[in-house]
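[1] Only the shape, not the letters, is given here:
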DNA sequence: GTCTATATTACGATAGAC
DNA sequence: GTCTATCGTAATATAGAC
């Protein structure tokens, strides 16, 4: 019981630190310090740094699935759901301006490190891609849906990178408005 | 003479390694090994890692200015110049698929590290932004030009992040085609 | 300008007591 | 399950010989 709670605390702290500082720049001491644990005890729960990354990605995948399910129930129409995704850059605007997109920055970092966990990080993107594709498939012929899903995904990444680089909230708003206009052409 | 040549070699090697592996993941030994220099001698040329980063960014700024000037002479029309920028994601497609955008990934990394050289890295983006704005100012009213410039910049970053994550050249092609269509609406 | 040798620190990881 | 103590390695950086 207690063990599971500690493990969860470690994963949560690592998740946040990996996002805010990056994976490589986060040390065991950082995570242990945040949780209030000694470095030695750390290895009882996770035997390597990669093992923590694995757990963090698994947690993010689970959280993402939960979020997407919630959006399904909250938004009645496919365009409403797609718009819900588009507006993350506003909803999470402050975090994105400081730390970038949690999915995009992790993928970028692991790609440069040529890290073994690259493909699992890509799955985070794939979750959104597939979900967006399903929404578009309700609006356009099925063979166009994936292309449009990738376009919306690219929008989110472009906005996130520049939002972090320039720290310009107005830019984000303008891009969301432009995306709203683009999207309206596909609404039945 | 010889000293300047060695310094140049160091900056070139560091530039490439920072791009391919990331700044933090690149060690002095990596750079020294590439140039064929001992670590000790290294500090004769650069007294710290930050000093190398500074020199690398300066070199990139100079290279970027040169590239933009070249595009000015090569392309007679503003739309041709903007398109030349848009097509970088194809021209440098292989590198971007492997290492991402050199400007975007550096900005993302330095932002997470909260690095002192962040603002100088941002200048790389600003060079492209200002240049694109000037091109758009020849096509649309001046007050719209910066918004459109940022949109094109966001396009390049979105495509670069997803190109690296999914390693999908077809996606890049489709996005460039879409951008060509978008751009044609602004051409006189 | 270039080298070897070394100081120093931080990190990932292990051993073993409690 | 948690702790302290410690090892090995790699990285930044310095000192001093040639």
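    On my side now, so go ahead. Just so you know, these numbers come straight off a predicted model, no measurement behind them. Residues are numbered from 1 along each chain as shown, chains lettered A, B, ... in the order given.

[2] Tell me which helix or strand residue A:152 sits in.
    Taking DSSP states H and E as the criterion, residue A:152 maps to helix A:142-166.

[3] which intervals of chain A have sub-threshold pLDDT?
    By pLDDT under 70, the low-scoring segments of chain A are A:1-3.

[4] which residue lies farthest from the center of it?
    Distance from the centre of chain A peaks at residue A:40, with 30.7 Å (C-alpha atoms, centre = their mean).

[5] State the distance from that one to residue A:22.
    According to C-beta to C-beta, to the nearest Å, residue A:40 and residue A:22 sit 25 Å apart. All C-beta spots, glycine's among them, are computed from the backbone N, C-alpha and C.

[6] and if you look at residue A:170?
    Counting by C-beta to C-beta, the gap between residue A:170 and residue A:22 amounts to 27 Å.

[7] The two: which is more packed in?
    residue A:22 (22 against 10; other C-beta atoms under 10 Å in any protein chain shown).

[8] Find the nearest non-adjacent residue to that one, please.
    Distances taken as C-beta to C-beta, 6 or more residues apart in numbering or on different chains put residue B:112 closest to residue A:22, at 4.3 Å, once the chain neighbours are dropped.

[9] ok and the helix or strand hosting the one you found relative to helix A:102-113, angle-wise?
    Assessed by DSSP H and E, residue B:112 sits inside helix B:102-113. Interaxial angle, helix B:102-113 versus helix A:102-113 (axes from the mean of the first three to the mean of the last three C-alpha atoms, to 10 degrees): 110 degrees.

[10] name the helices or strands packed onto helix B:102-113?
    Helix B:102-113 sits against helix A:2-21, helix A:93-99, helix A:102-113, helix A:142-166, helix B:2-21, helix B:49-74, helix B:118-137, helix B:142-166, with contacts defined as 3 or more C-beta pairs under 8 Å, 6 or more residues apart in numbering or on different chains; DSSP states H and E.

[11] which residues sit against that helix?
    Under the criterion C-beta atoms under 8 Å, 6 or more residues apart in numbering or on different chains, residues A:20-22, A:25, A:98-100, A:105, A:108-109, A:112, A:161, A:164-165, B:18-19, B:22-24, B:57, B:60, B:99, B:115, B:117-118, B:121-122, B:124-125, B:128, B:156-157, B:160-161 lie in contact with helix B:102-113.

[12] that older thread, off-centre distance for the helix holding residue A:152?
    Taking C-alpha atoms, centre = their mean, to the nearest Å, one finds the center of helix A:142-166 at 13 Å from the center of the full chain.

[13] now swap in stretch A:153-170 and tell me
    Here stretch A:153-170 is found 14 Å from its chain centre; the criterion is C-alpha atoms, centre = their mean.

[14] now swap in stretch A:88-101 and tell me
    Distance of stretch A:88-101 from its chain centroid, counting by C-alpha atoms, centre = their mean, is 10 Å.

[15] Next, the buried residues of stretch A:144-156.
    Residues of stretch A:144-156 classed as buried by neighbour count (16 or more other C-beta atoms under 10 Å in any protein chain shown): A:145, A:146, A:147, A:148, A:149, A:150, A:151, A:152, A:153, A:154, A:155, A:156.

[16] of those, closest to residue B:45?
    For the buried residues of stretch A:144-156, the closest approach to residue B:45 (C-beta to C-beta) belongs to residue A:154, at 40.5 Å.

[17] Tell me the spacing between that closest one and residue B:85.
    Distance of residue A:154 to residue B:85, computed by C-beta to C-beta: 16 Å.

[18] Next: residue A:87.
    Plainly put, residue A:87 is 28 Å away from residue B:85 if you go by C-beta to C-beta.

[19] So for those two, which sits in the more crowded spot?
    Shown here are residue A:87 and residue B:85; by other C-beta under 10 Å, residue B:85 has more neighbours (23 against 14).

[20] Helix or strand: which one has the more buried one?
    Going by DSSP H and E, residue B:85 is part of helix B:78-86.

[21] Pull out the buried positions in that helix.
    Buried residues in helix B:78-86, counted by 16+ other C-beta under 10 Å: B:78, B:79, B:81, B:82, B:83, B:84, B:85, B:86.

[22] Repeat that for stretch A:42-50.
    Result for stretch A:42-50 [16+ other C-beta under 10 Å]: buried residues A:42, A:45, A:46, A:49.

[23] and the end-to-end length of it?
    13 Å (C-alpha to C-alpha, to the nearest Å).

[24] Then stretch A:78-94?
    26 Å.

[25] Could you report the neighbour count for the residue nearest to residue A:22?
    For residue B:112, the count of nearby residues is 25 (other C-beta under 10 Å).
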